[in-house]
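>>> sequence isn't available, so here's the structure alone:
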């Protein structure tokens, strides 16, 4: 069973309700120390574990949060086997300071019923290992052989543990049966006949009851015997099928590897197709937005064209007034004539008025002054006043001229400013056009940047797949040739790269490994490895001085590894034997290499012969006393052949070495492409930044400088200044005309008063002036009336002419605007067609990508189904001698038989347990030996079956432990050894020894460090999990004492277990392990309580990096980790394991 959901209410640091949904695979939980990660895992242990089965009253308040007076934990499990019929199982434990309450699928359960339910689910009552602490896990490493055997049997399941303990209880009492019977006979002789009869009657009654009970027990034993017999036959048949052919196992493993490779490739292709699909969708959205904006622009331009066409239609009314200019010209001439006449008459009238005033003045003077002296004095005073007035008028005229000049200068300045503003306005219009083009370019650059980012993501995904393949291939190569040889090759390559970059004198004297310098057919890869082995990875150099320099350089740089050099100046080529036997030839003749290294190649392959088969090789080796190899990989020397077993040609060193180098070349090529794309992205980002900064700068300038407002203000000021200039000009003319009149008046006064002192002549002239003035006023009124009439007609005609001219200008401007708008409309329609074609192409790309994605998903599902089929352990055991139909038929029969036996055992196990509880074993010890053997026939059936299957299950666990320990600890080896014994009548096993080889020497369990103990413990955990159906495993910060290399091995072990269907919950502070998780949760303590939220992988890594690396604990115990594993009950007894 696997976890589906966990709900906490007021448990420890979790305040209120906290609900967490858990997916399959690996789930990583990160957070700071003290946030509540371990409390979450302890909540799961609180439901299933035995450590919290009996809580004291004082310990309960520590488990309840301060925010409430009770707490509860609810765990939802997947019911994969359909035991409970609802698809899931909900177990809830609610408690307060006094009582515990258990609920299963909403129904109340007692504590004893809950224990029985846990047994049905696969948790065993007599052992605490289904929910163990780190101290209990530590027993597997630090305990002695007998304790380790008992613990392992408890891990392997309930049935074996109960059976062995029951047999061990029964066997010692069988030795005392004879003694008990002899004592009974002596007691009978001492008693009298009456007592014997009474005893016989009681014995008869007891015998009848005992027979009835024995019949029931015999029926139970028959059912059990039949069940064990059927199960034994099924297991024996399965075991016989398991060992038939190793070659079929290899082929299936190869198929699994190919399926995994195809699955990874299909997943990477699906991911790339999904990224392309997202890019296509974003491009389509951008195209749709551009189309929408273009449609809006087209509609605006269409409305503008309609308005301009309406303005153009006004021109029809202008044609009506074609004769207006001639009529206006004629009326203007008449108006000018009338205005001239009016002006002359006005001047004459003014002159007459002035004369009249002068005459009135003179007559007044005559009336006031009686003598000539008084008149002369009056005239002088008047003339002085006139002169004074004239001088004031002259000063006023000068002042008016100065003001007029200042106004004219202001007018010139305004005109210059208006010209500058016009230039700036044109410049801003050009800038606006440039900004529009820049914005279009910016959109194109952003689309291009998005495409480059999508390509970068695709390349990164491909590089990730290549890196995983490269790591797995490097691991295989390390296992093949040894990590020291591999490290030596890498160290020499690093030294040679440094020499080549610095033009070292020894750079040309190193030729690389032997494998790099020879070429041959791929069919000879196995024979090549059989011929020289790891000497293929020896380094060829010109002289031994170069080899010494390389070693010295490696030592100075602290580079590790094992290196073997072949100096050409020191080695002597071997003389090749002359062989005349058909089917045998020199191995060196099948190799292609440079003449410079002939000495080294001849030294290695000179005395090695390639033979067609093993018979020819044996004959040639004995006759010529040389080494012979066959194409199949058999090696024959003078003493006889070294052959046997199956050799995979794909596992040859040269094949794996070539695959490793091809992956390195592909990764380097992808890295170069990635660097190119990133350079393009950086250049494009720089261009985008420059364009954006330019657009922002110009927009700020446009916002700051509002030329239209400034130009309008200057134009209004210019109109005001021009009006002031006209005003001052009129004032100057008025004053000048007043001065002329004053001078004239002065002369007139002097002349008139001196000519006619009496005033009679002036009286007559005044009367004539009055008559003339009346006539002039009448004529002036007529002229003004006719002039006003003609001026009104002229103004009317001018208005019509201005309207026609304005309409004509409107027509010209409207035509030009319509042309520009239509041209812009054509451009937009062209762009619309282009975007529509792009949109259709994007739709096609999206459809193609969706089809590819669906096909990839279908392929992934098929590959997963095929991989799951190939991973079935029943199919992986030898199946080479049967046809496919027969294998399928036999597999179906075996599956049906296993299900029938398992179902029968389930149906009878509960009844058997109930009957065994009713049977009093003390009565059996007083019964006869025959009755006891009828109850439980141990000698003939149960002993061999138990011994055989317990030994098989323990051997399976030991082999798995060795594999997982080698996976986690690369530089060590671990093994569990079974101690056989003849003294144990049931199992024949004394215990299990633990052998660990670390650092080249054997280590005792007490000598192990914390990390080594943790590695061995985890290897045992994974070995026991391999024996189970899908279950869940909880690990709490078990990586603190592990190095990086062991963490890599741990991640590989977790990945293998996840492929088997297991589920992991892990808390860790290590970024490497966190990055390998499939799902992530972050725990944070805030506002007085812990909270757990799902986060992405990037966020989980950032949280882990912010916390930092937690220092390793110096303790030698295993208190830094916890693990919890829960298993499904539907499985055979010897692969039943519960861990926590």
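All right, it came through fine. Note that the structure is a prediction, hence the values are computed from the model and not measured. Residues are numbered from 1 along each chain as shown.
>>> output the below-cut-off pLDDT ranges for the stretch 601-750 of the chain.
Along the stretch 601-750 of the chain, the parts satisfying pLDDT under 70 run over 638-651, 699-714, 716-718, 745-750.
>>> let's see 50
Counting by pLDDT under 50, the ranges of the stretch 601-750 of the chain that qualify are 645, 706-707.
>>> how about the strands in it?
Here the stretch 601-750 of the chain has its strands, by DSSP state E, counting those that start in this stretch, at 608-611, 627-630, 635-637, 640-642.
>>> turn these into CSV, including mean neighbour count and distance to residue 60.
Quick note: C-beta positions are derived from backbone N, CA and C, even for glycine. Shown next, in CSV, are these (neighbours: other CB atoms under 10 Å; distance: least, CB to CB, whole Å):
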stretch, mean neighbour count, distance to residue 60
strand 608-611, 24, 78
strand 627-630, 24, 75
strand 635-637, 20, 72
strand 640-642, 12, 70
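>>> can you lay out these as a markdown table showing distance to residue 673?
As requested, these are exported to a markdown table (distance: least, CB to CB, whole Å):
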| stretch | distance to residue 673 |
| --- | --- |
| strand 608-611 | 42 |
| strand 627-630 | 42 |
| strand 635-637 | 44 |
| strand 640-642 | 48 |
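>>> so which of the ones you listed comes closest to residue 64?
Distance to residue 64, taken as CB to CB, is lowest for strand 640-642 among these, at 70.8 Å.
>>> mind listing what's buried in stretch 395-415?
Within stretch 395-415, the residues scored as buried using 16 or more other CB atoms under 10 Å are 396-397, 400, 403-404, 407, 410-411, 414.
>>> circling back: relative to residue 954, which of the strands of the stretch 601-750 of the chain is closest?
Proximity to residue 954 (CB to CB) singles out strand 640-642 among those, at 33.1 Å.
>>> hang on, the earlier thing: now for the buried residues of stretch 395-415: which two are most distant?
Pairwise distances across the buried residues of stretch 395-415 peak at 26.6 Å for 396 and 414 (criterion: CB to CB).
>>> buried set for stretch 414-421?
Using 16+ other CB under 10 Å as the test for burial, stretch 414-421 gives 414, 417-418, 421.
>>> got it, and stretch 1101-1108?
Judged by neighbour count using 16+ other CB under 10 Å, the buried positions of stretch 1101-1108 are 1101, 1103-1104.
>>> need the residues you listed in a markdown table with secondary structure, distance to residue 978 and pLDDT, can you?
As requested, those are exported to a markdown table (DSSP: H, G, I helix; E, B strand; the rest coil; distance: CB to CB, whole Å; pLDDT from 0 to 100):
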| residue | secondary structure | distance to residue 978 | pLDDT |
| --- | --- | --- | --- |
| 1101 | helix | 44 | 90 |
| 1103 | helix | 46 | 89 |
| 1104 | helix | 42 | 88 |
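>>> make JSON lines from these and add distance to residue 541 to it.
Listed next are those as JSON lines, based on distance: CB to CB, whole Å:
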{"residue": "1101", "distance to residue 541": "45"}
{"residue": "1103", "distance to residue 541": "51"}
{"residue": "1104", "distance to residue 541": "46"}
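>>> show me what contacts the residue nearest to residue 535 when sequence neighbours are not counted?
Closest residue to residue 535 apart from its sequence neighbours, by CB to CB, 6 or more residues apart in numbering: residue 604 at 6.1 Å. Each residue near residue 604 by CB atoms under 8 Å, 6 or more residues apart in numbering is listed here: 514, 532, 535, 538, 566.
>>> averaged pLDDT, stretch 580-594. What do you get?
Mean pLDDT, computed over stretch 580-594, is 86.
>>> any idea how many residues pack against residue 603?
Neighbourhood size, residue 603 [other CB atoms under 10 Å]: 20.
>>> do you know how far it is from residue 570?
Residue 603 sits at a distance of 10 Å from residue 570 (criterion: CB to CB, to the nearest Å).
>>> where does pLDDT dip in the stretch 901-1050 of the chain?
The model of the stretch 901-1050 of the chain has pLDDT under 50 over residues 905-906, 908-910, 912-943.
>>> one step back: mind checking the strands of the stretch 601-750 of the chain for the one nearest to residue 667?
Nearest to residue 667, of all the strands of the stretch 601-750 of the chain, is strand 627-630, at 33.9 Å by CB to CB.
>>> residue 976: which element?
In the assignment (DSSP states H and E), residue 976 maps to strand 972-980.
>>> I'd like to know which elements that strand is packed against.
With contacts taken as 3 or more CB pairs under 8 Å, 6 or more residues apart in numbering; DSSP states H and E, strand 972-980 sits against helix 943-968, strand 989-998, helix 1010-1026.
>>> and if we set it to 7 Å?
helix 943-968, strand 989-998 (3 or more CB pairs under 7 Å, 6 or more residues apart in numbering; DSSP states H and E).
>>> in the last one, what counts as buried?
Neighbour-count burial for strand 989-998, with 16+ other CB under 10 Å as criterion, is recorded at 989-992, 994, 996, 998.
>>> quick one: that strand to helix 1010-1026, angle?
If you take axes from the mean of the first three to the mean of the last three CA atoms, to 10 degrees, strand 989-998 sits at 130 degrees to helix 1010-1026.
>>> and strand 989-998 with helix 943-968, angle?
10 degrees.
>>> can you tell me what sits against strand 989-998?
Residues outside strand 989-998 that contact it (CB atoms under 7 Å, 6 or more residues apart in numbering): 141, 144-146, 148-149, 152, 972-981, 984, 1002-1003, 1005, 1012, 1016.
>>> if we can go back for a sec, among the contacts of residue 604, which are in strands?
residue 566 (DSSP state E).
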